[in-house]
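Trainee: Got a predicted structure here, sequence first:
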Number of protein chains: 2
Amino acid sequence: MELSSGSRDARPAVTLVAAVLPAGGSGERLGGATPKQFCALQGRPLVSYTVRAMERISWISNIIVVVSPENIETMKSIVEKYGHKRVTVVKGGKTRHRSIFNGLKVFAENEISNHLLWKPEVVIIHDAVRPFVEEDILSKVVMAAKEHGAAGAICPLVSTVIASAADGCLDHSLERARYRASEMPQAFLFDIIYEAYQLCTEYDLDYGTECLHLALKYCKTNARLVEGTADLWKVTYKRDLYAAESIIKDKLSQQVYVITGVEEAAAQIGVLLHESLKSQLKDKKYAIQETQQLVDMLEKSNVTLLYPLVLILVHLDISENISFSIGMELLTRIKKLAREVKKKNILVYGLLIQHKDHLELQETVNSAAALIMALIKDRNPELIGQMLVA
Amino acid sequence: MELSSGSRDARPAVTLVAAVLPAGGSGERLGGATPKQFCALQGRPLVSYTVRAMERISWISNIIVVVSPENIETMKSIVEKYGHKRVTVVKGGKTRHRSIFNGLKVFAENEISNHLLWKPEVVIIHDAVRPFVEEDILSKVVMAAKEHGAAGAICPLVSTVIASAADGCLDHSLERARYRASEMPQAFLFDIIYEAYQLCTEYDLDYGTECLHLALKYCKTNARLVEGTADLWKVTYKRDLYAAESIIKDKLSQQVYVITGVEEAAAQIGVLLHESLKSQLKDKKYAIQETQQLVDMLEKSNVTLLYPLVLILVHLDISENISFSIGMELLTRIKKLAREVKKKNILVYGLLIQHKDHLELQETVNSAAALIMALIKDRNPELIGQMLVA
């Protein structure tokens, strides 16, 4: 169900790469009780999307997720539930820099973890709340870090930046063209960033925010800046959660046609769906049994773990009359099935295609396709078990 | 249908206030052909939401919308279609500053418009792509401008800001606590900002972005900085359109219960709805006629002009059996009605509440309420005319 991460080989020419994801934020700016990295998008915590974005990249050997002490168990259960691999959960410190430092120590000291992980040549640092990071930019910052010692993604400033004076008035405004927003991912030769953290002051650890700054200040390592793309943005406010959910839905609805012919299980599902349609045409039965088989297969294939899967039961009605009791029976059975499989992250909807007049065939088909796309795009859990009519 | 803009009196103690909305951007960062201020959210252009946010504030006497020459007609038709009042559309210049300057000239020179508008004491400058501005912050910047000559909303920086050196490497990073993002709205004593634009250089007009900076540089007017809220953000990228649409849907779905008892027309609608429900209970008819009356009233009241209105026909079924032909007839009529009134920006859905077993009443009611809320929240135009079953 998932596209491979980049068709060309983007593996950087570096021996060992690891990633540290600080995920210790409290989410104050969201105004909610749940820290943003744990907010659910399509039922799944944001941090799980970011972990997945890292995990699908084969050349990242270890992913260290640093969370505040009270969220260790939550994070471990997320790793287990969504089947994440190569992930180590580490206890964070009081500030962002202290958390990242803790994440790095897993490769160098016994203080944090009782078994040391193999020290990487290059370490990526990436926020847990930037879920849409692509292999291309990760590869670029890693290669730049290998050459220059440090590298980070940047984006143009959206707003003008100003300095305020002590009296609450404007001191000066910065010339926008000279400045950039420092985003994530960043990457460092491990020895450089680790040394920078060892040398830096308590003040840096408590009030600093910029890893590139530490590398420059303490190791004289000038960071290479790499132009990033707009999708690197950080989920900060509630509106960002809305945006992230819409982007996820958009991406999912582009994966509709991937279900058949890609791998054995998927192809088999396609055949089943086809057969199920055929059998309904011939026998005017409801294929609830075949649907149950499909659900069982989907469950085994683990595809429903990461995203809610939309399953639309298409019922073709070519008869002149159909007794209402059968219609209601079908509806009742679909509703029951929908409620059951909802727990497995499968959203079931019914679609009745009425085709009585051959002249309107194209119109009916267009209407059915529009309804199917609307159901797939919206993934509305409240509408499961409903029977729409094309 | 709309909440009044703030219950306490937020009118600033200023004689005359006008607003200039630069709306000349090309929307490059969106990656689309349509400039973002003209992108449709729930069928209505973004700029119309921003104009509405200004227009509903009674103490803003004139709203100047500055657009690029090729969009003059588009903007004028938006003003007409959505019934905006107190709006003057003005031709912009090649850059942001030149456009704002053109907007200001409407109050001072005959160059732009052949009838001069009354010169305001204070002028608000606000981006056309920040639709969620509230009266409170507008009032604050206007009062601060009256006192200090200039004022602007600021927000905390989301990312660290860095300066890049000529070789593409990090030069230095700014200490985040000292800096702020300069947002909109801003406000100025008219004479000050107008003089600043008259005195500033061609370079300023071509490359500058910050009005507060001009006031400081050319009129020695130190701007008062006012802490803004997160909803002042600027729609810049595609993800911001997603976020804005979700926020609009959220706000709309909170307006559900406002329909009855607020004003005469709304109360009448409520009574009709109630009667329509009662008549269905008694006579088991479909109330299509009553619905048509409702639609006519809604159309006359102009509430459907600004937002798509959701209308759910609730059909109560308390009989043991209902013949399928009646069910299909009802569905066909609802579909036909839905297609017709869609053009009037009304989204019609059907909801069949089946209530046969008194023990399950609460469950059925909960299910109906969940479906109604889902329909209202989603406002999905593809699902109109469908009959859902609670």
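Mentor: Structure received.
Trainee: How much space separates A:Cys219 from B:Ile162?
Mentor: Taking C-beta to C-beta, to the nearest Å as the measure, A:Cys219 falls 17 Å from B:Ile162. Where you see a C-beta, it was placed from the backbone N, CA and C, and this is true even at glycine.
Trainee: And those two? Which one has more around it.
Mentor: The neighbour count for A:Cys219 versus B:Ile162, taken as other C-beta atoms under 10 Å in any protein chain shown, is higher for B:Ile162 (22 against 19).
Trainee: List the contacts of that one.
Mentor: With contact set as C-beta atoms under 8 Å, 6 or more residues apart in numbering or on different chains, B:Ile162 has these partners: A:154, A:179-182, A:210, A:212, A:225, B:170-174.
Trainee: for A:Leu388, same thing?
Mentor: If a contact means C-beta under 8 Å, 6+ apart, then A:Leu388 has A:Tyr349, A:Gly350, A:Leu351, A:Leu352, A:Leu371, A:Leu375, B:Leu383, B:Gln386 as its contacts.
Trainee: picking that back up, now render the contacts of B:Ile162 as TSV, adding neighbour count, secondary structure and distance to A:Arg130.
Mentor: Putting the contacts of B:Ile162 into TSV (neighbours: other C-beta atoms under 10 Å in any protein chain shown; DSSP: H, G, I helix; E, B strand; the rest coil; distance: C-beta to C-beta, whole Å) gives the following:
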residue	neighbour count	secondary structure	distance to A:Arg130
A:Ile154	24	strand	14
A:Tyr179	21	strand	20
A:Arg180	23	strand	16
A:Ala181	23	strand	12
A:Ser182	27	strand	13
A:Glu210	26	coil	16
A:Leu212	28	helix	16
A:Leu225	26	strand	17
B:Leu170	27	strand	20
B:Asp171	16	strand	24
B:His172	15	strand	24
B:Ser173	23	strand	18
B:Leu174	19	coil	21
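Trainee: Closest to B:Trp118 out of those residues?
Mentor: Ranking the contacts of B:Ile162 by separation from B:Trp118, with C-beta to C-beta as the measure, puts A:Tyr179 on top at 39.9 Å.
Trainee: my guess is that closest one meets A:Val161, correct?
Mentor: Yes: proximity of A:Tyr179 to A:Val161 meets the contact threshold set by C-beta atoms under 8 Å, at 6.3 Å.
Trainee: joint contacts of these two?
Mentor: When C-beta under 8 Å, 6+ apart defines a contact, the residues bordering A:Tyr179 and A:Val161 alike are B:Val161, B:Leu174.
Trainee: So which residues of chain A form strands?
Mentor: When assigned using DSSP state E, the strands of chain A occupy the ranges A:17-22, A:40-41, A:44-45, A:60-67, A:87-91, A:122-125, A:150-155, A:160-164, A:170-173, A:179-189, A:224-227, A:309-317, A:346-354, A:387-389.
Trainee: In the contacts of A:Leu388, which has the lowest confidence score?
Mentor: Among the contacts of A:Leu388, A:Leu352 carries the weakest pLDDT, at 83.
Trainee: what's around that residue, how many residues?
Mentor: By other C-beta under 10 Å, 20 other residues sit near A:Leu352.
Trainee: A:His315 is in contact with that one, correct?
Mentor: Yes: using C-beta under 8 Å, A:Leu352 is in contact with A:His315, at 5.0 Å.
Trainee: what is in contact with those two at once?
Mentor: Taking C-beta under 8 Å, 6+ apart as the contact definition, A:Leu352 and A:His315 share the neighbouring residues A:Met387.
Trainee: With distance to B:Glu70 as added columns, please give the contacts of A:Leu388 in a markdown table.
Mentor: Conversion of these to a markdown table gives the following (distance: C-beta to C-beta, whole Å):
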| residue | distance to B:Glu70 |
| --- | --- |
| A:Tyr349 | 44 |
| A:Gly350 | 48 |
| A:Leu351 | 44 |
| A:Leu352 | 47 |
| A:Leu371 | 38 |
| A:Leu375 | 39 |
| B:Leu383 | 37 |
| B:Gln386 | 41 |
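Trainee: Out of those, flag the one nearest to B:Glu73.
Mentor: Proximity to B:Glu73 was ranked across the contacts of A:Leu388 by C-beta to C-beta; first place goes to B:Leu383, at 34.3 Å.
Trainee: mind listing what the spatially closest residue to the closest one that is not a sequence neighbour touches?
Mentor: Closest residue in space to B:Leu383, ignoring its immediate chain neighbours: A:Ala374 at 6.0 Å, by C-beta to C-beta, 6 or more residues apart in numbering or on different chains. Applying C-beta under 8 Å, 6+ apart to A:Ala374 gives the contacts B:Asn380, B:Glu382, B:Leu383.
Trainee: Give the residue spans of the stretch 151-300 of chain A that score low on pLDDT.
Mentor: Per-residue confidence for the stretch 151-300 of chain A (pLDDT under 70) gives these ranges: A:254-288, A:290.
Trainee: and if we set it to 50?
Mentor: Low-confidence segments of the stretch 151-300 of chain A, defined by pLDDT under 50, span residues A:257-270, A:272-273, A:276-285.
Trainee: From the centroid of chain A, which residue is nearest?
Mentor: Within chain A, one residue has its C-alpha closest to the average C-alpha position: by C-alpha atoms, centre = their mean, that is A:Tyr49, at 2.6 Å.
Trainee: Next, count neighbours for A:Arg339.
Mentor: Applying other C-beta under 10 Å, we find 12 residues neighbouring A:Arg339.
Trainee: whoops, I mixed them up, A:Leu298
Mentor: Counted by other C-beta under 10 Å, the residues lying close to A:Leu298 total 22.
Trainee: And A:Ile248, how far from chain B?
Mentor: When C-beta to the nearest C-beta, to the nearest Å is applied, the distance between A:Ile248 and chain B equals 10 Å.
Trainee: A:Asp231 now?
Mentor: The span separating A:Asp231 from chain B equals 8 Å under the rule C-beta to the nearest C-beta.
Trainee: Count the neighbours of that residue for me.
Mentor: The number of residues packed near A:Asp231 is 15, by other C-beta under 10 Å.
Trainee: do the same with A:Leu216
Mentor: The burial metric for A:Leu216, expressed as a neighbour count using other C-beta under 10 Å, is 21.
Trainee: who's in contact with it?
Mentor: By C-beta under 8 Å, 6+ apart, the residues touching A:Leu216 are A:Ala150, A:Asn222, A:Ala223, B:Leu170, B:His172.
Trainee: can you give me the helices in chain A?
Mentor: Assignment of helices within chain A using DSSP state H yields the ranges A:46-55, A:72-81, A:96-105, A:135-148, A:190-199, A:202-207, A:211-219, A:238-253, A:264-283, A:288-300, A:324-342, A:361-378.
Trainee: right, so of the ones you listed, which gets closest to A:Thr15?
Mentor: Using C-beta to C-beta as the criterion, the shortest distance between A:Thr15 and the helices of chain A is 9.5 Å, found for helix A:135-148.
Trainee: Extract the C-alpha set from stretch A:339-346 and format it as CSV.
Mentor: Once non-C-alpha atoms are left out, stretch A:339-346 reads as follows in CSV (Å, rounded to 0.1, in the frame of the first residue of the first chain):
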residue,chain,number,x,y,z
ARG,A,339,-19.4,-1.6,13.5
GLU,A,340,-17.4,-4.8,13.9
VAL,A,341,-14.6,-4.0,11.5
LYS,A,342,-14.3,-0.4,12.7
LYS,A,343,-12.2,-1.8,15.6
LYS,A,344,-9.8,-3.2,13.0
ASN,A,345,-9.4,0.3,11.4
ILE,A,346,-11.5,-0.6,8.4
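Trainee: same question for that stretch, mean pLDDT?
Mentor: The average of the pLDDT scores along stretch A:339-346 is 90.
Trainee: how about it: buried residues?
Mentor: Burial within stretch A:339-346, assessed by neighbour count using 16 or more other C-beta atoms under 10 Å in any protein chain shown, is assigned to A:Val341, A:Asn345, A:Ile346.
Trainee: Then stretch A:227-241?
Mentor: A:Gly228, A:Ala230, A:Leu232, A:Trp233, A:Lys234, A:Val235, A:Thr236, A:Tyr237, A:Lys238, A:Arg239, A:Asp240, A:Leu241.
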